[in-house]
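>>> got a sequence here, can you build the structure:
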Amino acid sequence: MVLIKINSQWAERGGTNTDLLKSLIQYIIDHPGGFNGEVIIADNGQSMFGSRRTGGSLDWENTNSKDRTQSVQDVADSFDNRVSGVLWDTFTRISVGEFKNGDMKDGFVVEDGVQSTRLAVSYAKFTTKYGTRISFKRGVWDNEKKRYNSEALKAINVPVLKSHGQYQVTGGMKSYMGTPSNSLTNMAPHNSVGRGGMGTQMAKTRFPVLTILDMIWITPDGGPNAPYSRAVRKNMIAASTDPVALDYWAGKNVLMSTAQAAGNRRYQSMSPDGRDPGTFGYWLRLSMEELHKAGISATYG
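Predicted structure coming up:
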């Protein structure tokens, strides 16, 4: 099972490039070792904010692709079988228990307690259109054997690089804001980002086996809203098993210079070397420390 976590909260250039997404799925299906599994495209636009102030969509009319009408759902539908799109917005306000507890409903599991970053850990639990039961944290549920197979589920993180009004940079780490439920946890995930909360979320749920950063079009100013008029074409992608290192490199070598050229006066706050609260570097470093606490390797600089 391969779960591709994309950006879907914003239309136009704000979401993951669907041409890139389509190519990635084709590569997975054509794996030289064979692939008999299932591909799931997923994100949680939190049923709030976004281009229509109602959260995300897998079927925006104006998309980030060469053909501006090619949506994420169009990509999923272009494959014969075993590819599906799941918009977690549709059940982000539904609190559920795990499959092992006999709860078969789609929704979000909210764990007890609050982490040091003030994050209340939560994650999606759902059944795909093909009947596969998935817990984003636990893995694939086998209802006959009554157990999870964590190794059977691999997450690939595919965000788009852009500026962010509050947290300066959206990249590999910030993308994980699309894995918890804001609604069920009183906005704790979003408020925790500046304290390294997305590092906590990654460590406490499921760390991606690969992060692919979409830099075909980036938005150097005014993000995360990313209309066509503000986007700058860079024709780049970058990938790493280390989302911290990837964000550091992309912020420093791609986004900052593009933002400066675009006249964004706040471009210096995007520096991954920043150490003051309110800078990208400040919370990216805290996110890395959260991964280190969990024994996950991440490199800074």
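>>> show me the contacts for the nearest residue to residue 213 once chain neighbours are set aside.
Distances taken as Cβ to Cβ, 6 or more residues apart in numbering place residue 238 nearest to residue 213, at 4.9 Å, with adjacent residues excluded. Where C-beta positions appear, they are placed from N, C-alpha and C, glycine not excepted. Residue 238 sits next to 212, 213, 215, 246, 249, 250 when contact means Cβ atoms under 8 Å, 6 or more residues apart in numbering.
>>> next one, pLDDT for residue 238 please.
With respect to pLDDT, residue 238 scores 98.
>>> among the contacts of residue 238, the buried ones, what's the PyMOL command?
Here is the PyMOL selection string for the buried members of those, based on 16 or more other Cβ atoms under 10 Å:
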select buried, resi 212+213+215+246+249+250
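>>> make a markdown table out of the contacts of residue 238 and add pLDDT.
Formatted as a markdown table, the contacts of residue 238 follow (pLDDT from 0 to 100):
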| residue | pLDDT |
| --- | --- |
| 212 | 98 |
| 213 | 98 |
| 215 | 98 |
| 246 | 98 |
| 249 | 98 |
| 250 | 98 |
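>>> which of the residues in the strand or helix carrying the residue nearest to residue 213 are buried?
Here residue 238 is covered by strand 232-240, with elements defined by DSSP states H and E. Across strand 232-240, burial judged by 16+ other Cβ under 10 Å covers 232, 234, 237, 238, 240.
>>> now distance to residue 286 too, for these, in a markdown table please.
Output for those, formatted as a markdown table (distance: Cβ to Cβ, whole Å):
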| residue | distance to residue 286 |
| --- | --- |
| 232 | 29 |
| 234 | 27 |
| 237 | 27 |
| 238 | 22 |
| 240 | 19 |
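>>> adjacent strands (with direction) for the strand holding residue 238?
strand 210-219 (antiparallel) (DSSP bridges).
>>> on that earlier part again, tell me which two of the buried residues of strand 232-240 sit farthest apart.
The most widely separated members of the buried residues of strand 232-240, counting by Cβ to Cβ, are 232 and 240 (22.2 Å).
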